[in-house]
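got a structure for you, letters missing:
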């Protein structure tokens, strides 16, 4: 158990809909990272927050957004969903340096 | 852009065999991370390497930070069934905490 929690574990929704994925980092970790993992793309970095502020951005679509709250939990919002957005979404947290600890993931299926 | 190349992509071995895999880059890395992912789970950090030439062990796993700083190696000794999974190397690409992942080496153990 990494200490990172993610909810929900599974999510099934229809195209065009909007969903919110939630992540609670390990105690004491200020950084939260979001990744998307699909079968053919591997782990793709989406965005990082550090202590409430956006710190780095990767290949995140404009339809996606994230935020980190004062209690350090983070939410990833995915809107106008398309079939191609079906994937595993992981949250990771870290304290310093480059070591990141991953949550169990949310499996999103868009039908 | 920068990328990490892992080889082999896939391995089929007998239980009890030793395993070697590597990760290479065209750019210098100052940190190498090795993760393992079980099906449907989040990646788990196995070993972190911070210094060229460094050799670090974690149980039956040993990882090395290549002298050129453009490669890293992971060895597993006396493989067991629970070693099955995907092994990813990762490293930072900028001075922030952002890291990139290789596409993974998938390890299969033959019965």
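Sure thing, it's come through. Note that the structure is a prediction, hence the values are computed from the model and not measured. Numbers count the residues shown, from 1 in each chain, chains lettered A, B, ... in the order given.

and the lowest-mean-pLDDT helix or strand in chain B, what does it pack against?
The element with the least model confidence among the helices and strands of chain B, by mean pLDDT, DSSP states H and E, is strand B:99-101, at a mean of 90. Using 3 or more C-beta pairs under 8 Å, 6 or more residues apart in numbering or on different chains; DSSP states H and E as the contact criterion, the secondary-structure elements in contact with strand B:99-101 are strand A:42-50, strand B:85-92. For the C-beta atoms, the positions are set from N, CA and C on the backbone; glycine is no exception.

the shortest one vs strand A:42-50, what angle?
To tie it back to what came earlier, the one meant is strand B:85-92. Here strand B:85-92 runs at an angle of 50 degrees relative to strand A:42-50 (axes from the mean of the first three to the mean of the last three C-alpha atoms, to 10 degrees).

ok, strand B:85-92: who's next to it in the sheet?
For strand B:85-92, sheet partners with direction are given as strand B:32-37 (antiparallel), strand B:99-101 (antiparallel), strand B:105-110 (antiparallel), following DSSP bridges.

any chance of these in JSON lines, with distance to residue A:24 too?
Supplementary listing: these in JSON lines, determined by distance: least, C-beta to C-beta, whole Å:
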{"stretch": "strand B:32-37", "distance to residue A:24": "20"}
{"stretch": "strand B:99-101", "distance to residue A:24": "21"}
{"stretch": "strand B:105-110", "distance to residue A:24": "30"}
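
of those strands, which shows the lowest average pLDDT?
The stretch with the lowest mean pLDDT among the strands paired with strand B:85-92 is strand B:99-101, at a mean of 90.

could you pull out the buried residues of it?
Of the residues in strand B:99-101, those with enough neighbours to count as buried (16 or more other C-beta atoms under 10 Å in any protein chain shown) are B:99, B:100, B:101.

can you name the residues of chain A sitting close to chain B?
For chain A, the residues found near chain B under the criterion C-beta under 8 Å from any C-beta of the partner chain are A:2, A:4, A:31, A:33, A:42-43, A:45, A:48, A:50, A:55-56, A:58, A:90, A:92, A:94, A:97-105, A:107.

now, those that are in strands?
A:31, A:33, A:42-43, A:45, A:48, A:50, A:55-56, A:90, A:92, A:94, A:101-102, A:107 (DSSP state E).

confidence-wise, which of these comes last?
By predicted confidence, these are weakest at residue A:42, whose pLDDT stands at 82.

what sits closest to the residue of chain A found nearest chain B if chain neighbours are left out?
The minimum distance from chain A to chain B, using C-beta to the nearest C-beta, falls at residue A:102 (3.5 Å). Closest residue in space to residue A:102, ignoring its immediate chain neighbours: residue B:42 at 3.5 Å, by C-beta to C-beta, 6 or more residues apart in numbering or on different chains.

returning to that earlier point: please convert the buried members of the residues of chain A next to chain B into ChimeraX selection syntax.
ChimeraX command restricting the residues of chain A next to chain B to the buried ones, with burial defined by 16+ other C-beta under 10 Å:
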select /A:2,4,31,33,42,43,45,48,50,55,56,90,92,94,98,99,100,101,102,103,104,105,107
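
burial of the residue in chain B positioned nearest to chain A, as a residue count?
Using C-beta to the nearest C-beta, residue B:42 is the residue of chain B that sits closest to chain A, at 3.5 Å. Using other C-beta atoms under 10 Å in any protein chain shown, the number of residues around residue B:42 comes to 21.

alright, that wraps it up for me.
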